[in-house]
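Visitor: Take a look and give me a structure for this.
(one chain, ligands or ions: 3)
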Amino acid sequence: MNRRHFLKGLLSVSCVAIGGASVLKPLSAVAGPLSEPAEDWLITASHFGAFKINRKNGVIDQVVPFDADKYPTDMIHGIRGIVYNPSRARYPMIRLDYLLKGWDSDTTRRGDFRFVRVTWDQALEIFIDALNTVQTKYGPSGLHAGQTGWRAVGQLHSCTSHMQRAVSMHGNYVKKVGDYSTGAGQVILPYVLGSTEVYAQGTSWSLILEQSDTIIMWSTDPYKNLQVGWNTETHESYYYLAELKKKVKEGKIRVISVDPVVSKTQDYLECEHQYVNPQADVPLMLGIAHEMYTKGLYDKDFVQGYSLGFDEFLKYLLGKSDGVEKTPEWASKICGISPERIRELAKIMTTGRVQMMVGWCIQRQQHGEQPYWMSAVLATMIGQIGLAGGGISYGHHYSGIGIPASGAAMPGAFPRNLDEGIKPIFNSTDFKGASSVIPVARWIDAIMEPGKVIDANGSKVTFPDIKMMVFSGCNPWNHHQNRNHMKEAYRKLKCVVTIDTNWNAGARFSDIVLPACTTFERNDLDIYGSYANRGILAMHKMVEPLYESLSDFEIFTRFARKLGKEKEYTRGMTELQWIEYLYNGCKQANAGNFKMPEFMTFWKEGYVDFGQGKPWVRHQAFREDPEINPLGTPSGLIEIFSRKIAHYNYDDCPGHPTWMEKVERSHGGPGSKKHPIWLQSCHPNKRLHSQMCESEEFRATYTVKDREPCYINAQDAKKRGIKNGDLIRVFNDRGQALVGAVISPNFPEGIIRISEGAWFSPVGKDGSKAGGWEIGALDSYGDPNTMTLDIGTSKLAQACSAYTCLVDYEKYTGKVPEVSGFSGPIEVNL
Ligand SMILES: Nc1nc2c(c(=O)[nH]1)N[C@H]1C(S)=C(S)[C@@H](COP(=O)(O)OP(=O)(O)OC[C@H]3O[C@@H](n4cnc5c(=O)[nH]c(N)nc54)[C@H](O)[C@@H]3O)O[C@H]1N2
Ligand SMILES: Nc1nc2c(c(=O)[nH]1)N[C@H]1C(S)=C(S)[C@@H](COP(=O)(O)OP(=O)(O)OC[C@H]3O[C@@H](n4cnc5c(=O)[nH]c(N)nc54)[C@H](O)[C@@H]3O)O[C@H]1N2
Ligand SMILES: [Mo]
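Guide: Numbers count the residues shown, from 1 in each chain. Ligands and ions are numbered 1, 2, ... in the order given. Have a look, this model is predicted:
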């Protein structure tokens, strides 16, 4: 999409759209008076796909897949429960001690879950009062707003944008850079391949199916992870996965999954498994590279013509620079794969057309930059970058990457930033010598050590003295690591504001909680297919906002009104006018290329289809002519050695891919004598992070004795006297959680999985919900981040290292506490 052209289009139609109030009238007729039973099916959209929903007596009744979705996810059964569940945030509430004492409240008992209900007016005034205090006392460096977050879909209601735009009208604040998904990958790959790669469109599946002989799926589980998308997921990728399954069966394509565990994708495709010790991919890759080099299997011409620094890297590979030759024998001892098999893998990867597909998990660990860099080196040695069905991709498991883009312009979104010319009430930009942008995963470090200077991607970051945080559309008590460390940090925060649909742990550890309604309680529109840009979907309001919840748009319109800036905030448009405006902007941008009906027709029909785009090959232009189409690296070539990185002189990220031992590693690595088990906290099969965990009936389809399942190995279980379905306590020196044991043949010895997104539900020593504030408290539901490690990947990316984590576990024999996380706050009446 040509973004600039598109924005121009948006501006030029604005006056037409604003005057559209009368046109919008029939809309309420479509959405229907809710008291009468509606037989009609309305369309809506979500990360989980598009649906048709019908209502009975004003209540959502059935949810069925949208006609175009031929591969709907199972999670469709969790949709109703997103709206109707006991964890819904119903009223604005203030933490008891904060209501009594305000800015100087006792913060040690944050998490005791005692809250007082207030009115919307009161809540917003208390919120604004806190913002006034932080700006007056500390200035913008005291406030951090907008952590990373998966929000809900919808171009108008995307809640992080609402919060940030509104808070920006009040004053400036500390922002974040990067995300937890690809924190290390998106920083290292621009040095190596010239773009983040992780979020780039990939070679089309159809071409891969035609051209590839072998697909190496390295640390990736597309069959599980393509169930959801950043925008509304079309699930078209599943057609190609089904085709791939056929080809695997017929022996036409060989698929090898390099993963410590048997993934859902491997199970589905019935493909080969290549076990590797956790966090030991770099030694394996080095061993393979050594074999490719010494046996002359690699593509010398490609290396010479398209890359830089191979010789420098060779010194390391051959042990000339550090005295250790990276032979398959050397690699074998670390990665747990025999030297013969490593040699065989080198052969397989240099025979025929080979597509490498790398997932994101292996860069969410200490030194997570390295497996990404090293995999790019392997792909360069194979020499098929830029060929259909060859080369390397870092995103085929994500949001429909590999489905060709339609080429249509997509609707714009509600703006996150202030419109030009609008000044905040507190206009100071004095960050008192501290950085105004911090690496996303280092915010807890900043709270703990204000003023500390750290390295990050070639520059220095000085931690601001954060006193107040505002969260919307993210759940920090899901996404960040090491809960007990977070509890300590939160004691230093004066005020925490959360705008959420749910009483999850993020809300629990806040002072001010504002209830947002779900996507199903407001009107919106969304992009169908994050990368496919297949079409545009109407998101019809299904039911009125429950309890006193409001849409994010309405919450911050009221907030802006209190600042005297309502018009600046909304640009004088209502929810429905915005939707029409965004739609018409898109229609204008597509004029002459893609036909779009009038807004009301779209809104009634619910969908505009742009069709599928043309198949496409990543890096093809670069391959065809690297001089005319250079990569975005300093040299324009693939940088196997990066002078820039070498100049940074980081001990934990040298100038070429390097194996460095981790602070914690299982299978004989550091720390494994004390805590021998590797905890992987992969993305959930039946949730989107912590979203949908609230969905009770659906949660019940996978919990074990009401707890999050923990997948364990049979031998390990036997050693510990554990049977399938037992409650177990997982622990290390950082924390402890109760989970339910699921013995699975997919998990080798020394490895367990608890999926991220399980709601943190601490209870006190006495088992009480109110005691959840205690440091070291037992988590009664099973959030893996109770145990994970909170360190940066390296001085380069400073990203999340959640998968560098060792634990142990035992059968739980203590008194079993009730799960504290799903029943909302302890309401105190004053
Ligand atoms: N251990 C471990 N930790 C991880 C990961 C891991 O693999 N292992 N993965 C990391 C990754 S990749 C990611 S992306 C993060 C995800 O972390 P987050 O993005 O923080 O997780 P979500 O659960 O999606 O949080 C979204 C929040 O928005 C709320 N919400 C939904 N709709 C609305 C709305 O309309 N309005 C408002 N105001 N709120 C809404 C939801 O209720 C939820 O609380 O986690 C990271 N953390
Ligand atoms: N259903 C569902 N899908 C999702 C999400 C969700 O929450 N639910 N979240 C979305 C988001 S925000 C993101 S960031 C992506 C996450 O995408 P990824 O991070 O790629 O996904 P994971 O499934 O956590 O991990 C993929 C595989 O990596 C393997 N793995 C872990 N550690 C290692 C290692 O050291 N070596 C090797 N070789 N393999 C390893 C795991 O066993 C797993 O099979 O998923 C997206 N898709
Ligand atoms: Mo993510």
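Visitor: could you pull out the helices for the stretch 1-150 of the chain?
Guide: For the stretch 1-150 of the chain, the helices defined by DSSP state H, counting those that start in this stretch occupy 3-18, 25-31, 79-83, 96-101, 120-137.
Visitor: actually the stretch 501-650 of the chain, not the one I typed
Guide: Under DSSP H, counting those that start in this stretch, the stretch 501-650 of the chain gives helices at 505-508, 552-562, 566-570, 575-590, 599-605, 620-624, 643-648.
Visitor: Point out the most buried one among those.
Guide: Mean neighbour count (mean count of other CB atoms under 10 Å) peaks for helix 505-508 among these, with a mean of 27. Placement of C-beta: from N, CA and C, glycine included.
Visitor: what about that one, average pLDDT?
Guide: Averaged across helix 505-508, pLDDT comes to 98.
Visitor: Let's see it as CSV, backbone CA atoms only.
Guide: Extracted in CSV, the C-alpha atoms of helix 505-508 (Å, rounded to 0.1, in the frame of the first residue of the first chain):
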residue,chain,number,x,y,z
ALA,A,505,-3.8,-9.3,37.3
GLY,A,506,-2.9,-6.1,35.4
ALA,A,507,-6.0,-4.5,36.8
ARG,A,508,-5.5,-6.1,40.2
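Visitor: now that helix: how far from the chain's centre is it?
Guide: With CA atoms, centre = their mean, to the nearest Å as the basis, helix 505-508 stands 19 Å off its chain's centre.
Visitor: same check, this time on stretch 420-438
Guide: That offset, for stretch 420-438, works out to 28 Å (CA atoms, centre = their mean).
Visitor: List the buried residues for it?
Guide: 424, 426, 431, 434-435, 438 (16 or more other CB atoms under 10 Å).
Visitor: ok, now stretch 817-824?
Guide: Result for stretch 817-824 [16+ other CB under 10 Å]: buried residues 817, 819-822, 824.
Visitor: Contacts for that stretch next, please.
Guide: Stretch 817-824 is contacted from outside by 85-88, 90, 113, 503-505, 508, 694, 696, 706-707, 738, 759-763, 767-769, 772, 778, 780-781, using CB atoms under 8 Å, 6 or more residues apart in numbering.
Visitor: Got the phi and psi for Gly772?
Guide: With angles defined as degrees, to the nearest 10, Gly772 sits at phi -60, psi -10.
Visitor: Pull the number of nearby residues for the nearest residue to it once chain neighbours are set aside.
Guide: Ranked by CB to CB, 6 or more residues apart in numbering and with sequence neighbours excluded, the top spatial neighbour of Gly772 is Pro762, at 3.6 Å. By other CB atoms under 10 Å, 33 other residues sit near Pro762.
Visitor: show me the contacts for Pro762.
Guide: Per CB under 8 Å, 6+ apart, neighbours of Pro762: 111, 483, 505, 771-774, 777-780, 786, 820.
Visitor: Could you check how far it is from ligand 2?
Guide: Here the criterion is CB to the nearest ligand atom, to the nearest Å. By it, Pro762 lies 22 Å from ligand 2.
Visitor: for ligand 1, what are the nearby residues on this protein?
Guide: When proximity is defined by CB under 6 Å from any ligand atom, the chain lies next to ligand 1 at 149-152, 157, 159, 180-181, 364, 472-475, 478-479, 499-502, 504, 506, 516, 519, 552, 681, 683, 688-691, 756-757, 784-785, 788, 802.
Visitor: Those: which ones sit near ligand 2?
Guide: Applying CB under 6 Å from any ligand atom to these, one finds that 181, 683, 688-689 fall near ligand 2.
Visitor: CA-only coordinates of stretch 346-358, as PDB, when you get a sec.
Guide: What follows is stretch 346-358, C-alpha atoms only, in PDB (Å, rounded to 0.1, in the frame of the first residue of the first chain):
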ATOM      1  CA  ALA A 346      24.200 -30.200   6.300                       C
ATOM      2  CA  LYS A 347      23.700 -32.400   3.300                       C
ATOM      3  CA  ILE A 348      19.900 -32.200   3.400                       C
ATOM      4  CA  MET A 349      20.000 -28.500   3.600                       C
ATOM      5  CA  THR A 350      22.200 -28.200   0.600                       C
ATOM      6  CA  THR A 351      20.300 -30.600  -1.600                       C
ATOM      7  CA  GLY A 352      17.500 -29.300  -3.900                       C
ATOM      8  CA  ARG A 353      15.400 -26.300  -3.100                       C
ATOM      9  CA  VAL A 354      15.300 -25.600   0.600                       C
ATOM     10  CA  GLN A 355      13.100 -23.100   2.400                       C
ATOM     11  CA  MET A 356      14.000 -22.300   6.000                       C
ATOM     12  CA  MET A 357      11.200 -21.000   8.100                       C
ATOM     13  CA  VAL A 358      12.300 -19.600  11.500                       C
END
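Visitor: Would you mind pulling the contact partners of that stretch?
Guide: Here stretch 346-358 makes contact (CB under 8 Å, 6+ apart) with 203, 208, 211-220, 222, 254, 256, 288-289, 291-292, 295, 297-299, 371-372, 375, 378-379, 381-382, 384, 387, 389-394, 396-397.
Visitor: Quick one: mean pLDDT for it?
Guide: Stretch 346-358 comes out with an average pLDDT of 98.
Visitor: what does this protein have sitting close to ligand 2?
Guide: Applying CB under 6 Å from any ligand atom, we find that the chain lies next to ligand 2 at 181, 218-221, 224-225, 227-228, 258-261, 263, 276, 278-279, 281, 359-362, 397-398, 680, 682-685, 687-689, 803.
Visitor: what mean pLDDT does stretch 402-414 have?
Guide: For stretch 402-414, mean pLDDT rounds to 97.
Visitor: Would you mark the buried spots in that stretch?
Guide: Neighbour-count burial for stretch 402-414, counted by 16+ other CB under 10 Å, picks out 402-406, 408-414.
Visitor: What does the pLDDT read for whichever residue of the stretch 301-450 of the chain sits closest to ligand 1?
Guide: Nearest residue of the stretch 301-450 of the chain to ligand 1, counting by CB to the nearest ligand atom: Arg364, 5.6 Å away. pLDDT, Arg364: 98.
Visitor: Quick check: it vs Pro597, distance?
Guide: Counting by CB to CB, to the nearest Å, the gap from Arg364 to Pro597 is 43 Å.
Visitor: cool, and Leu100?
Guide: For Leu100, the distance to Pro597 equals 56 Å [CB to CB].
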